[in-house]
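Visitor: Give me the fold of what follows.
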Amino acid sequence: MAWNKKTGAVAVFAAALLTVAGWALNWGVGVSADYVQEIRKNIEIFGLVYQEISKKYVQPVDPDRFMKAGINGMLETLDPYTALIEQEANSHLQIITTGKYGGLGMKIGLRDGAPTVIEQPFEDDPAGKAGIREGDRIVEINGESTKKISINEVAAKLRGEIGTAVAIKIAREGEPEPMEFRLIRAEITVLDVSYSGIVQDGVGYVKLSGFSKNAGYEIQQAVRDLKGKGATGLILDLRSNPGGLLDAAVSVSENFVKKGDLVVSTKGRMEGSAKEYLSEKEPVAGSLPVVVLVNEFSASASEIVAGAIQDLDRGVVIGAPTFGKGLVQTVVPITRDAALKITTAKYYTPSGRLIQRPDRLPQANGNAIVTADDGEEAGDGEIEKPPASGINSLSEDSTTVYRTRGGREVHGGGGIRPDIRLDSPRLSRYEGRLLRKSMMFQFALIYAHQHPDLPRDFTVDEALLNEFQKFLQEKSFSYVSESEDALTGLKTIAKEEGYLDRLADEMDALEKALLAEKTDDFTRSRGFIARELKKEIAAKAFGTRSRVEVTLHDDPVFQEALQVLRNKARYSQILAVAAKKP
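Guide: Below is the predicted model of the structure:
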């Protein structure tokens, strides 16, 4: 944050003190003079505390860090989404909002502690034209090592003004020395549709990974293309899609729901925050049967789309209950490099359900939110109170029943509950550690390099699994099991209580038994490892589309969606069953 450490934070408070008196005039809701006076008083107290600590504390205090600690402390008493956005996060927000940026077209992430290209760049982007591949590790940018900088800083250094040059050094599997590239930044369009195609029996499948500015148009083009190829049904995969822009969620929904249908509504305290978002065009999908796939990581805009399709009886939702992020944020610029992201309203599905889940919020006794039960002026103004959940409550009861357009029962309590529930399998700690350490990713790089003529229909057989197990041994892969953690805790407690010496033999025996059990972890996770290896090797050998295609045949949620679309009677029954109840 580009504040002058000596005067910047104090200037913020001075500006706040000068302008707070005019806030009530700008809010447009019923805020009493006492409420404004309370704000003024507390800003003055905050400023005085900041000033006295900065001048008199026994050791010098960093003004910038001290101020930001105070700001973050205040925001933590609200909700997880109200936050100070500094330069890098603000840049990321601008990319989502505009749908484009100046850069090289590389999607990067940390793999074994190094910034790595995690998807094959498109051929038309600077990185793709230069021949940069998935798995390439970025070791230098403009002569500066990437070892001691964060992945966000790496991304920021790769982005820049269109037409400018950036020199990067790449380490690649099979190459003895790093490779040097000088690339010219170009305008990169953010693509949210990561896969689109006819998969089986004429069913079209679209994987949407985000909701940036162009998401609705991308879905429109994908659906139009699939219909042109004879699609008889559509699967929209929103699993692990964290969301994005509200307008993008509405635009995506417009491809499936009727013109004039309510997609989502928002309600809040500020004047103008109560809005209804209606579909403004005829759906390109027409009346094609639709199945939406969701999981516990489908959030925000994903939940708006899934909720609209479910509430309007436009399609069947399959998977695990969604994340439950139903709060609307408004971004307010603070300085040139920073902004404040403030929760200003809440999302409601067409049936009136509040998407926000209560367990995603701070506990009531630890937050600063005033509810109607507190006997304070809530400031609702003329905003209509939404069903089953007041403006001053950020969640609702899961027992509250709502009705879809056709009369099916759907429940409140946050998130979207699928019509057919299929929970994601829980990873063991061993499996989670393999993923976090990118072991399958690393092995796949080596394997694909060593097998340039690998057939597309390759199988992960016993020989390949044994090769991977040997790779883990060579990499000295290790992890601490939950049982080992629990045993360590038990030893600590036993020592504090004076029992450890007397229980030493039993503790040693238990520890040996746990270690013996750990040797079977690979066998127990054989199916998981085979699926991940198949996905990673296919991606490295044949490209990003292959990563999706090789996993669909043993994806139970996808297979269930196929079965529903193949059986027209079952599809119709799911959408009508509750409507027939008395």
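Visitor: how long is stretch 252-270 end to end?
Guide: End-to-end distance for stretch 252-270, by C-alpha to C-alpha, to the nearest Å: 27 Å.
Visitor: Buried residues in the host helix or strand of residue 39, which are they?
Guide: Residue 39 belongs to helix 33-56 when assigned by DSSP states H and E. Buried residues in helix 33-56, defined by neighbour count with 16 or more other C-beta atoms under 10 Å: 35-36, 39, 46-47, 50, 54. In short, each C-beta sits where N, CA and C put it, glycine included.
Visitor: gap between it and the chain center?
Guide: Averaged C-alpha coordinates place helix 33-56 at 36 Å from its chain's average position (C-alpha atoms, centre = their mean, to the nearest Å).
Visitor: Give me the helices and strands touching that helix, please.
Guide: In terms of contacts (3 or more C-beta pairs under 8 Å, 6 or more residues apart in numbering; DSSP states H and E), helix 33-56 is packed against helix 8-19, helix 23-27, helix 63-75.
Visitor: Same list (the buried residues of helix 33-56) but as TSV, adding distance to residue 106 and pLDDT.
Guide: Converted to TSV, the buried residues of helix 33-56 look like this (distance: C-beta to C-beta, whole Å; pLDDT from 0 to 100):
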residue	distance to residue 106	pLDDT
35	50	79
36	50	81
39	46	84
46	43	86
47	45	86
50	42	88
54	43	89
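Visitor: Can you tell me which of those residues lies closest to residue 416?
Guide: Lowest distance from residue 416 to the buried residues of helix 33-56 (C-beta to C-beta) belongs to residue 35, with 36.0 Å.
Visitor: So the closest one versus residue 240, what's the distance?
Guide: Between residue 35 and residue 240 the distance is 42 Å, computed by C-beta to C-beta, to the nearest Å.
Visitor: same check, this time on residue 205
Guide: Between residue 205 and residue 240 the distance, using C-beta to C-beta, works out to 15 Å.
Visitor: the more surrounded of the two?
Guide: Taking other C-beta atoms under 10 Å, residue 205 and residue 240 do not tie; residue 205 has more neighbours (26 against 17).
Visitor: Does residue 292 touch residue 316 like I think?
Guide: Yes - Residue 292 lies in contact with residue 316 (C-beta atoms under 8 Å); the separation is 7.4 Å.
Visitor: quick one, which of these two is more surrounded?
Guide: More crowded of residue 292 and residue 316, by other C-beta under 10 Å: residue 292, with 30 against 24.
Visitor: Can you list the strands that the helix or strand hosting the more buried one pairs with?
Guide: Using DSSP H and E, residue 292 sits within strand 290-294. Strand 290-294 has the following sheet partners, assigned by DSSP bridges: strand 233-237 (parallel), strand 316-319 (parallel).
Visitor: In JSON lines: those strands, plus distance to residue 144.
Guide: Below are these laid out as JSON lines (distance: least, C-beta to C-beta, whole Å):
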{"stretch": "strand 233-237", "distance to residue 144": "39"}
{"stretch": "strand 316-319", "distance to residue 144": "43"}
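Visitor: Compare those and give me the one nearest residue 284.
Guide: strand 233-237 (10.4 Å).
Visitor: picking up where we left off before, reformat the strands paired with strand 290-294 into CSV and put mean pLDDT next to each item.
Guide: CSV is the format used below for these (pLDDT from 0 to 100):
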stretch, mean pLDDT
strand 233-237, 98
strand 316-319, 98
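Visitor: Residue 141 is nearest to which of those strands?
Guide: For these, the distance to residue 141 is smallest for strand 233-237, at 34.0 Å, taking C-beta to C-beta.
Visitor: Next secondary structure after that closest one?
Guide: Following strand 233-237 toward the C-terminus (DSSP H and E): helix 246-253.
Visitor: I'd like to know which elements the helix or strand that that following helix is followed by is packed against.
Guide: Sequence order places strand 262-267 as the next helix or strand after helix 246-253, per DSSP H and E. When contacts are defined as 3+ C-beta pairs under 8 Å, 6+ apart, strand 262-267 packs onto helix 246-253, strand 275-278, helix 301-311, strand 339-348.
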